[in-house]
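> Just the structure for this:
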Amino acid sequence: MRIIPTLLFSLLTIGLVALVVMQQRRGNLDFLFGSPPLKTGEVVYHFDPEEVSRIHILNEDGTQATVIKKGAAWVLTEPWQDYADSRVIRSIVDFASRLQIEDVIERDEVDDLAEFGLKSSRISIELFDKSGTPICRFKMGRYTSWRGFDPTLKSEDPSKPVPSFPTLVIRPTENQMKDHLYICSDFANPALRSIPIREFFGGGLQLLRDHQVFYLSPGAAAEIILKEENSEITLQRSSLAKDSEWVISKPFELAANPASINQLLGGLSRLTAIQVVDDNALTLPDPLPENIDHTISIRYFLPDGTKSPPVVATFYPPENEQATAAPVILSEGNGKKRSAILMVPQGTGSLLAGLPRSVNALRSRTMTSLQVKQVQFVNVSDFIGRSIDLSLERDPHEQARRWQARVIGADRTTDPNSYYKGPANEVQVTALFEALFKDEVESFTNDASTDPKTYGLDQPTHRINITLTDKSIARFVIGEKLSPQFYARRADGGRPFEISEDAYEAASKGLPHRELNVITQPVPEGAPTPSGLNLLGLDKPKIVVVNEITVHLGQANTRHFFANRLDEDGKHTPHVVEISPESLNKIPLQPYRWRSVRLWNLNRFEIKGLIITRGFQPPLELGYNFYTQVWSATQQGKDVTALLNPHKAEKLLKKLTDIDVQHWIGPVADNAAYRLSDPNLRISVLVEDIDDDGIERGKIRRNLTLSEVVDGQANRLYYGKTTHDQNYFLLDAATFQRLAVDLLEK
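As a prediction, this is how the structure comes out:
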């Protein structure tokens, strides 16, 4: 009779032991008794998004999709064999990894899952790792009225609310977790998406297909070829290094414009279709030149440094004039063609229309096509013998490299001020570098020039030699040419218009021309009388009649400046550009323009005294001993030392030895000479004169005179001049106020 209890006890023991083993192996017994609910604030799943290798999706409309990771790319294997949009896929993975719980609902308390969007409107998602093991499986239900705010997301503008999306219902489908529903926040990475997660699954999962024209970022491109019916442009670079510059290798070897290249690369990266359709949805003609609009081909750098086969985007013209998008097909160098047609927006205002795709839009638009960082030495000379050398040298006092100037004027033998050697004026260096390396040219005149005389380059006004950091020398010449320009106006007072030579010739014969239509319009009543007609050749015009209207024609010669880079043998190259007069004005060769802003070299120990005259006040004579730091003051023959403020005198002395001019304006400045004939301030510095043997010979007076540029409170600058220099200069008001300080106490 004891057999049955013994048997029951044995079975109970075995069961308990089995439960203990399962507890130790699994860590819990949730598979038997159900798992306890996760808590508010917890995350439903814990996994590394980088481990996800495959995704299964069952959409609410019954559409199924499988996405797998191949290398760095995501591809769809169903319902299409096509590239997947990596941003969408990463958004889904990121969403699944950040399902933060806001509320918990017991499954047993739910009578109808449809109330939570977990029936016909559910979306099922499964993620798998690289070994094929499931990472998470859940169903996505409806949105709720709550919104979740990502605590890690900080708004750049504190006045604007942080973006948020509605929370939604999530039901895990793993056996041990399916007893609970969770209300979860939809935390979105702003770099990946700006829409709620469910919107990715609309339209039969069409958004899963990659809508970008180029799946790989053009930022990693090694070569780009832009081909149209009558042109082909090839852009290349040697590596992905920051110092590897893009160049145009076809149709000419030209430096590329970095800003235009960035615009092109950025545009190609953002070039996106508004619709992706199967390749059998449209019947397109063969991609022959006569059937297509243009192609864009990209080759990428591979990890070993070689270049990939080209990825070619073939752009067809729109179906008709009303169409806003045109079909594009993608193919790779191995003959593989993407099984999709991308409908890409085209026409005015579209991203594609804004891409720089011509040689002149992509080439460097500066005179030299160089950058300041490449420059080690600059030499500029002109046809009258003036020259300037700029060299980058280490300054032993500042422990830094500074530009030093050596300027030789045309009349150095007779004028000592026509030579300068010393620190270069930084403002002028900046202006020169703007002209050479930053200012855009007026136009690309010719890329096949054969006769330098056409542009005055056979007798250049300037020669520029630039030694680069790699020791190579870039040589340029600038020429000047007078070119006729043509003008016309109504004889009864109309304003002048510039016209073409063709319009001028037609008007000379009394024939109509479309450019003359505006000119022959009646003059508005009360229109001002035009001025400066002599500059346009209209003060003594050629009088003609066009459409029964009397017209005045004028012709004037204008100066145009052209630049050309020479080859290694010093011969002209075929690429000629026109530069503006403003750019040429930034390349001065007058020595005073390159002088350092330091006014003079004075040492405190040399100064023995000052004589200061302010306006109509009597002169104040100061004595100074550097070694005893003792001051004395006399005014109108009286000792006023007791009234002298020595602290102000010390500050004045310090400023006198450290004056920087605002701008040198040269030896000829009529208004400055007139103003300084009756100055606002005159300071005479008494300097000890010592001969070559170190014996004191007396005192030398070095005078500084300053005067307002304009009268009254509107004045902001002062003219200045010293006795030891023939060049006038401008001084800022703040420096003047420090020099004009009243040293005597009232």
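
> what helices or strands is the strand or helix carrying residue 738 leaning on?
Secondary structure assigned from DSSP states H and E places residue 738 in helix 733-739. If contacts are counted by 3 or more Cβ pairs under 8 Å, 6 or more residues apart in numbering; DSSP states H and E, helix 733-739 sits against helix 646-656, strand 681-690, strand 696-708, strand 717-722. No exception for glycine: its C-beta is placed from N, CA and C like everyone else's.

> Adding mean pLDDT, write the ones you listed out as CSV.
Shown next, in CSV, are the helices and strands packed on helix 733-739 (pLDDT from 0 to 100):
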stretch, mean pLDDT
helix 646-656, 93
strand 681-690, 87
strand 696-708, 86
strand 717-722, 95
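
> Would you tell me which one of the ones you listed is buried the most?
strand 717-722 (a mean of 22; mean count of other Cβ atoms under 10 Å).

> what packs against it?
helix 670-676, strand 696-708, strand 728-732, helix 733-739.

> nearest to residue 683, of those?
strand 696-708 (4.7 Å; Cβ to Cβ).

> hang on, the earlier thing: can I get the helices and strands packed on strand 717-722 in a markdown table with distance to residue 130?
Below are the helices and strands packed on strand 717-722 laid out as a markdown table (distance: least, Cβ to Cβ, whole Å):
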| stretch | distance to residue 130 |
| --- | --- |
| helix 670-676 | 80 |
| strand 696-708 | 80 |
| strand 728-732 | 69 |
| helix 733-739 | 69 |
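
> Which of these sits closest to residue 331?
strand 728-732 (64.8 Å).

> List the strands paired with that closest one, with their directions.
strand 663-666 (antiparallel), strand 717-722 (antiparallel) (DSSP bridges).

> Using CSV, please lay out the ones you listed together with distance to residue 541.
Formatted as CSV, the strands paired with strand 728-732 follow (distance: least, Cβ to Cβ, whole Å):
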stretch, distance to residue 541
strand 663-666, 39
strand 717-722, 43
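
> Tell me which of those lies nearest to residue 333.
strand 663-666 (59.4 Å).

> So which bits of the closest one are buried?
Under the neighbour-count criterion of 16 or more other Cβ atoms under 10 Å, strand 663-666 has 664-666 buried.

> now swap in stretch 214-232 and tell me
214-216, 218, 221-227.

> Return the subset of those residues lying in strands.
Among the buried residues of stretch 214-232, the ones falling in strands (DSSP state E) are 221-227.

> ends of stretch 274-284, how far apart?
Start and end residues of stretch 274-284 are separated by 18 Å (Cα to Cα, to the nearest Å).

> circling back: a markdown table for the ones in strands among the buried residues of stretch 214-232, including distance to residue 257 and pLDDT?
Below are those laid out as a markdown table (distance: Cβ to Cβ, whole Å; pLDDT from 0 to 100):
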| residue | distance to residue 257 | pLDDT |
| --- | --- | --- |
| 221 | 16 | 93 |
| 222 | 19 | 94 |
| 223 | 17 | 96 |
| 224 | 14 | 96 |
| 225 | 18 | 96 |
| 226 | 14 | 96 |
| 227 | 20 | 94 |
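
> Tell me which two of these sit farthest apart.
Largest pairwise distance in those, by Cβ to Cβ, is 17.0 Å, between 222 and 227.

> now the helices: where do they sit in the stretch 401-550 of the chain?
According to DSSP state H, counting those that start in this stretch, the stretch 401-550 of the chain carries its helices in the segments 426-437, 501-508.

> Now distance to residue 47, mean neighbour count and mean pLDDT too, for those helices, in a markdown table please.
Compiled in a markdown table, these are given as follows (distance: least, Cβ to Cβ, whole Å; neighbours: other Cβ atoms under 10 Å; pLDDT from 0 to 100):
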| stretch | distance to residue 47 | mean neighbour count | mean pLDDT |
| --- | --- | --- | --- |
| helix 426-437 | 52 | 18 | 94 |
| helix 501-508 | 74 | 17 | 92 |
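
> Which one of those lies nearest to residue 101?
It is, among the helices of the stretch 401-550 of the chain and with distance given as Cβ to Cβ, helix 426-437, at 58.8 Å.

> got the contact list for the closest one?
Contacts to helix 426-437, defined as Cβ atoms under 8 Å, 6 or more residues apart in numbering, come from residues 366-368, 370-372, 375, 378, 380, 390, 403, 464, 466, 579, 583-584, 586-588, 593-594, 597, 663.

> and if we set it to 6 Å?
Here helix 426-437 makes contact (Cβ atoms under 6 Å, 6 or more residues apart in numbering) with 366-368, 370-372, 403, 583, 586-587, 593-594.

> Tell me which of the residues you listed fall in helices.
583, 593-594 (DSSP state H).

> before we move on, back to that, now for the helices and strands packed on strand 717-722, which one comes closest to residue 471?
strand 728-732 (37.8 Å).

> thinking again about what came up before, which one of the strands paired with strand 728-732 lies closest to residue 352?
strand 663-666 (48.1 Å).

> Just put the helices and strands packed on helix 733-739 in a markdown table and tack on distance to residue 304.
Below are the helices and strands packed on helix 733-739 laid out as a markdown table (distance: least, Cβ to Cβ, whole Å):
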| stretch | distance to residue 304 |
| --- | --- |
| helix 646-656 | 64 |
| strand 681-690 | 71 |
| strand 696-708 | 69 |
| strand 717-722 | 62 |
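
> Of the ones you listed, which is nearest residue 141?
Closest among the helices and strands packed on helix 733-739, once you apply Cβ to Cβ, is strand 717-722, at 73.8 Å.

> between that closest one and strand 696-708, what angle do the directions make?
160 degrees (axes from the mean of the first three to the mean of the last three Cα atoms, to 10 degrees).

> which outside residues touch strand 717-722?
672, 675-676, 704-707, 709, 728-731, 736.

> Try it again at 7 Å.
599-600, 662, 672, 675-676, 702-709, 728-733, 736 (Cβ atoms under 7 Å, 6 or more residues apart in numbering).

> quick one, that strand and strand 681-690 angle?
30 degrees.
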